[in-house]
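Trainee: build me a model:
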Amino acid sequence: PQAAALIPPLAVAGLFAGFSTYYFSEAFQFTRRTGLRALVMLVPAALTVALVGYAAHAFGLWGAAVAAAAATACGTALLAAVGRRLFPLPFAPWDLFRTVLAASAMIPAVMVVPEIGGWAELLTKAFIGALVYAAAALALNVAGCRPATAAVWQRVRARVRASPGYGAALFPCRRPPFPS
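Mentor: Next up, the predicted model:
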């Protein structure tokens, strides 16, 4: 029970860490100023140590998790601000909104899966979540996936139709099963 309460703030910390690593750090990579990035990240590192140390003592594990999320968010904001001066990266809020909406669609789908425990529950929830996310991502055209998916689907259909014996099992009256 106590571990479950830690998941939301740690997920937020992971989200901000992902933004820092995979998006805002690119400005430093593009301009070959990775040393500056290391210096910038000293501030959130010190903030993390201070906040987590205080919050863990004052509020326990949950406080430490919230402090880690707050420090990571501050680090992301600092990295974005300094990186923007080096190389302004484009930011597409509508694309971010669609991605978050598609990911949020998984929540109710996973919540209705019965709690059976063990690997069966984990795999069922992962499968249902992935299926719902894929459907939502296609419906919202996240990252322009609809045209790419249609192109792949067309190629697969063309290969299946070009394969020998296509339709023989489905429509035996129209085509002989063996060449004459």
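Trainee: which strands or helices does the lowest-mean-pLDDT helix or strand in the chain pack on?
Mentor: Within the chain, judged by mean pLDDT, DSSP states H and E, the helix or strand with the poorest mean is helix 145-162; its value is a mean of 88. Helices and strands touching helix 145-162, by 3 or more Cβ pairs under 8 Å, 6 or more residues apart in numbering; DSSP states H and E, are helix 118-140. Using the backbone N, CA and C atoms, a C-beta is placed for each residue, glycine as well.
Trainee: pLDDT on the helix it packs on, on average?
Mentor: Averaged over helix 118-140, pLDDT sits at 94.
Trainee: that helix - contacts with which helices or strands?
Mentor: If contacts are counted by 3+ Cβ pairs under 8 Å, 6+ apart, helix 118-140 sits against helix 93-104, helix 106-111, helix 145-162.
Trainee: circling back to that earlier point, relative orientation of the least confident helix or strand of the chain and helix 93-104 in degrees?
Mentor: With axes from the mean of the first three to the mean of the last three Cα atoms, to 10 degrees as the basis, helix 145-162 and helix 93-104 are set at 60 degrees to each other.
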